[in-house]
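Q: all I have is the shape, not the residue letters:
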């Protein structure tokens, strides 16, 4: 597990009370519900939860790449002191997207254009970055060298030769390296990684995650790392945020959240991992399903599946409370029972 | 007791086989997908097969079922060679051995109801001669066995979530009381908690019905949890094989070490530092000479380039193919 080093306590991104709906005809799916958190400079924040809990929506909301059916109801996203929600599309393109905030997606195959060479695609990005930074456009040679540098930084062997290749000539791991190379411009201060290594093999996954960690350290880039692989988050992230049905359930340092989970949901996720159980012992499977977002149960949205449910959970939404300094959890039980270890099985 | 014994199995694929390529192309290319693999799967146990994508683990599984053609070797299932079976014998074998596929929706006909999908193997076995009441009872029993509502028999596959769809696949696989099931990445794409449901279910079925599993996965945590014996494959060859606990306790091959060390762990004290392998898996068209892992091996020696290490017993059935373990 990643040990905590003292971090610069300077917030880079502050999201407060972000609430977002997807409107599907008359149905309103609340994908994010009063989500508040911050990421400090140079910090890696890991976001975990089951499918459909809103973790990918969160990344898309920050870079404002949401589909048209999404509407932000309230809240603000302060990035370097500026509310991103108030910026126009044009300003987002010029100042933010690909300049200061970049995103890497789960499937690098779909994120690269199959009919252009890697060189063309990388150089295009570099050109727009320079254009928006009001720097003089230089020669083709200059951009080619820059692209080679980027590929070299992401650990691709023989970058000068590989530039003229098409995406299909690259393996999955190499394509993801290209994506990271494109995402990291000189001024990138926030990297959004949405399941960036899910499609890769373990050995390649380890390489890519090391690359992200190294680059984050070198350039003091902050990372919002979304994944459902708790093991990856444990090794990579400084802090962890657990989400469920659009809400933040628990947040704290990796050691706190994984070492002594305070919310029953976090504890359940950890207990359902095969790595934690011996051969032959049963794994925990949380009964029931993630509820549909347009029909959430009243009170705590996890109460129908929770083993420790009490009367109050069905009526009121538990507030986010600080359990120990820097470790937050939204559960009534936790306030009542003190700091006892949760055990599902 | 040995249920499946594979001897020197080779499965090659050929590229540029057509006339035009023969005349103008670069010549025949051979993909060594499975190259000289021998292994034994014991009855009632789970055999885990791990390796990176492209190492041939799925091809090996598909070859056992004769879904792809083997180039040479033999596959003994209950002492009978699958590769030499005629079509009637093959029918019988395929009733005894079932598959659970990785793509849970892709392997079900979207226009058939779940009841029809599960009933199909039953009807096949009875050659259509099965009265409806019996069939309905059987489908209901199977759905209950995988913890699904019997009423879901009238629904279509797209009405189910990933975890449920996977359980329908399991229900179909156990319909004919098979002795052997191959599960190809049975939990890929599922959430942790949903994956846990499938894993629990498959263990229960194994206890009840004494099924032997071939568990193909690249998730090492899962293989460690599920399997009794395991083999690690690299570029078409088995590099290490033995009891799962032996391999995890005393991994011998540098590739196994790297693979296991790369698995992210939550526990506070990780047993070892992650070993980062250089580069990626080479092409199986021109595998490296000597030991196939030498291009990425952190402990490569001169000998590795010229001599291919044989799979040798380190004691207690723990096999490893590496020159490092042949010196002493």
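A: Received the coordinates, thanks. Computed from a prediction, not measured in an experiment: that's the story for all the values here.

Q: could you list the low-confidence segments of the stretch 201-345 of chain A?
A: Low-confidence segments of the stretch 201-345 of chain A, defined by pLDDT under 70: A:276-280, A:334-341.

Q: that one: strands as residue ranges?
A: Along the stretch 201-345 of chain A, counting by DSSP state E, counting those that start in this stretch, strands occupy A:222-226, A:239-244, A:247-253, A:321-324, A:327-329.

Q: so which of those gets nearest chain B?
A: strand A:239-244 (10.6 Å; C-beta to the nearest C-beta). (Each C-beta comes from the backbone N, C-alpha and C, glycine too.)

Q: residue B:158 and residue B:111: what is the separation?
A: 10 Å (C-beta to C-beta, to the nearest Å).

Q: now do residue A:14
A: Applying C-beta to C-beta to residue A:14 and residue B:111 gives a distance of 51 Å.

Q: what's the neighbour count on residue A:311?
A: Neighbourhood size, residue A:311 [other C-beta atoms under 10 Å in any protein chain shown]: 10.

Q: can you give me the buried ones in the helix or strand where residue B:202 lies?
A: Following DSSP states H and E, one finds residue B:202 within helix B:192-209. Buried residues in helix B:192-209, counted by 16 or more other C-beta atoms under 10 Å in any protein chain shown: B:192-203, B:205-206.

Q: could those residues go into CSV alongside pLDDT and distance to residue B:233?
A: Converted to CSV, the buried residues of helix B:192-209 look like this (pLDDT from 0 to 100; distance: C-beta to C-beta, whole Å):
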residue, pLDDT, distance to residue B:233
B:192, 83, 26
B:193, 83, 29
B:194, 83, 27
B:195, 86, 22
B:196, 89, 26
B:197, 87, 28
B:198, 88, 23
B:199, 91, 22
B:200, 90, 27
B:201, 90, 27
B:202, 90, 22
B:203, 91, 24
B:205, 91, 26
B:206, 93, 23
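
Q: could you pick out which of these are near chain A?
A: Residues of the buried residues of helix B:192-209 in contact with chain A (C-beta under 8 Å from any C-beta of the partner chain): B:192-197, B:199-200, B:203.

Q: give the contact list for the closest residue to residue B:3 other than its chain neighbours.
A: Leaving aside its sequence neighbours, residue B:3 sits nearest to residue B:43 (C-beta to C-beta, 6 or more residues apart in numbering or on different chains; 4.3 Å). Applying C-beta atoms under 8 Å, 6 or more residues apart in numbering or on different chains to residue B:43 gives the contacts B:1-3, B:179, B:210, B:212.

Q: make JSON lines out of the residues you listed and add secondary structure and neighbour count.
A: JSON lines is the format used below for the contacts of residue B:43 (DSSP: H, G, I helix; E, B strand; the rest coil; neighbours: other C-beta atoms under 10 Å in any protein chain shown):
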{"residue": "B:1", "secondary structure": "coil", "neighbour count": "8"}
{"residue": "B:2", "secondary structure": "strand", "neighbour count": "12"}
{"residue": "B:3", "secondary structure": "strand", "neighbour count": "21"}
{"residue": "B:179", "secondary structure": "coil", "neighbour count": "18"}
{"residue": "B:210", "secondary structure": "coil", "neighbour count": "11"}
{"residue": "B:212", "secondary structure": "strand", "neighbour count": "21"}
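
Q: which two of those residues have the greatest separation?
A: Maximum pairwise distance among the contacts of residue B:43 (C-beta to C-beta): 14.9 Å, between B:2 and B:210.

Q: show me what counts as buried in stretch B:17-35.
A: B:31-35.

Q: please apply the same query to stretch A:114-134.
A: A:117-119, A:121-123, A:125-126, A:128-130.

Q: ok, so of the residues you listed, who is nearest chain B?
A: Chain B lies nearest to residue A:118 out of these, by C-beta to the nearest C-beta, at 16.3 Å.

Q: that closest one: what's it in contact with?
A: Contacts of residue A:118 by C-beta under 8 Å, 6+ apart are A:112, A:147, A:151, A:162-167, A:170, A:178.

Q: just these: which are in helices?
A: A:147, A:151, A:162, A:178 (DSSP state H).

Q: next up, the contacts around residue A:268.
A: Per C-beta under 8 Å, 6+ apart, neighbours of residue A:268: A:284, A:286, A:307, A:344, B:193.

Q: phi first, then psi, for residue B:320.
A: phi -150, psi 140 (degrees, to the nearest 10).

Q: one more: residue B:18?
A: phi -70, psi 170.

Q: which SSE is residue A:102 in?
A: strand A:101-104.

Q: who's in contact with that strand?
A: Contacts of strand A:101-104 (C-beta under 8 Å, 6+ apart): A:59, A:62-63, A:65, A:79, A:111, A:176, A:179-180, A:182-185, A:188-194, A:196.

Q: can you check stretch A:59-75 too?
A: So stretch A:59-75 is contacted by A:13, A:15-24, A:31-32, A:34-36, A:57, A:77, A:79, A:84-85, A:87, A:89, A:92, A:96-97, A:101, A:103, A:190, A:192, A:194, A:224, A:226 (C-beta under 8 Å, 6+ apart).

Q: more crowded one of residue A:14 and residue B:111?
A: residue A:14 (17 against 8).

Q: buried sites along the helix or strand encompassing that one?
A: Taking DSSP H and E as the criterion, the element that holds residue A:14 is strand A:11-24. In terms of neighbour count (16+ other C-beta under 10 Å), strand A:11-24 has its buried residues at A:11-15, A:18-22.

Q: and it, how far out from the chain middle?
A: 13 Å (C-alpha atoms, centre = their mean, to the nearest Å).

Q: and the residue in the stretch 1-150 of chain A that chain B sits nearest to, how far from residue B:274?
A: Closest residue of the stretch 1-150 of chain A to chain B, C-beta to the nearest C-beta: residue A:50 (4.4 Å). According to C-beta to C-beta, residue A:50 stands 27 Å off from residue B:274.
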